[in-house]
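Trainee: sharing a sequence plus its predicted fold:
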Amino acid sequence: MSVFLGLVTALCFGSGDFFGGLSAKKTSVLYVVGFSHLVGLVSVLALAPVLADAFTWSDFGIGAISGAFGGVGVALLYRGLARGPMAVVAPLTAITSASMPAIWGVTSGESLSGLAWAGIAVALVAIGMASIPNESDGTPVTARVVVESLLAGVGFGTMFILLDATTDATAPWPIVGARTLTTALLMVVIFTVKREDLPTVRPAAWLIVVTGLFDSGSNVIFLFATNIGDLSIVSVLSSLYPASTVVLARFWLGERMSRIQVGGLALALVAAGLIAAG
């Protein structure tokens, strides 16, 4: 079941990124991130009293801290994508965010079979291949871009590790904590920026809602997946999210997929099979 939920997490993560990207083409990235987090907070807050068996301030606080790390990861990722080549930034971030929790899980006592290890290795290759864009803009790779890409992955990886540290009974309250902190900070920024400096949010309103639902939904599903399965397995499967982004871009926007991306999708299926069999 944890393997299935890990793949569903990847699907939701990738879908959130895709619709977030579409939203950013119609309005400010600040609006997209801020209001999508607000949508996510409202939706998870409505579900938490029904889904959770308990509430503790400690897990709520851990969730808030995880949200801070995730926010740093998003900021560095967007900065890297704007300044460096996507073919370097996206794979480095995705692979780092998958590797950190996997290493943490194994060193914390999780025991994996040979097939599962093989699946993780194949999945890391698949993540890198699926993340490489179809075309390169020729932007040079600098040490700063590499470091920021790695740090973005560390931010996401730390968020995953912290969410896994919360108790099963409180899920999804930690996600409420994460979204409360990030939404509050983003709303402060949005409402203190000069309005004339930003475009209207209306053209992207429904896209932002969809982005928020997918984004927060992916975090909730990830939390439940780690509650019933190994962090090392779930984190790697969740990081296959570039595959779903690529597929959505192909069928929604008609974007062509490179042979490397197709190969990455095929390897992702192989990896999922190996991990499930293990």
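Mentor: Perfect, thanks for sending it.

Trainee: for the record, mean pLDDT for whatever helix or strand Ile275 lives in?
Mentor: In the assignment (DSSP states H and E), Ile275 maps to helix 259-277. Helix 259-277 shows a mean pLDDT of 89.

Trainee: helices and strands around it, which ones?
Mentor: helix 2-24, helix 114-131, helix 231-238, helix 241-252 (3 or more C-beta pairs under 8 Å, 6 or more residues apart in numbering; DSSP states H and E). Every C-beta, even on glycine, is put in place using the N, C-alpha and C of the backbone.

Trainee: now the first one against helix 231-238, angle please.
Mentor: It refers to helix 2-24. 40 degrees (axes from the mean of the first three to the mean of the last three C-alpha atoms, to 10 degrees).

Trainee: tell me the pLDDT of the residue nearest to Gly229 when sequence neighbours are not counted.
Mentor: Residue nearest to Gly229 in three dimensions, not counting chain neighbours: Ser2, with 2.2 Å by C-beta to C-beta, 6 or more residues apart in numbering. On pLDDT, Ser2 comes in at 84.

Trainee: tally of neighbours for Ser2?
Mentor: 19 (other C-beta atoms under 10 Å).

Trainee: just the helices and strands packed on helix 259-277: most buried one?
Mentor: helix 231-238 (a mean of 28; mean count of other C-beta atoms under 10 Å).

Trainee: surely Ile95 is in contact with Ala126?
Mentor: No. Using C-beta atoms under 8 Å, Ile95 is not in contact with Ala126, being 10.1 Å away.

Trainee: residues touching Met159, list them.
Mentor: 66-67, 69-70, 73, 178 (C-beta atoms under 8 Å, 6 or more residues apart in numbering).

Trainee: and those, which two are furthest apart?
Mentor: Gly73 and Ala178 (11.9 Å; C-beta to C-beta).

Trainee: what helix or strand does Ile208 sit in?
Mentor: Using DSSP H and E, Ile208 sits in helix 205-228.

Trainee: centre of the chain to that helix, how far?
Mentor: 9 Å (C-alpha atoms, centre = their mean, to the nearest Å).

Trainee: what residues sit buried inside it?
Mentor: By neighbour count with 16 or more other C-beta atoms under 10 Å, helix 205-228 contains the buried residues 207-227.
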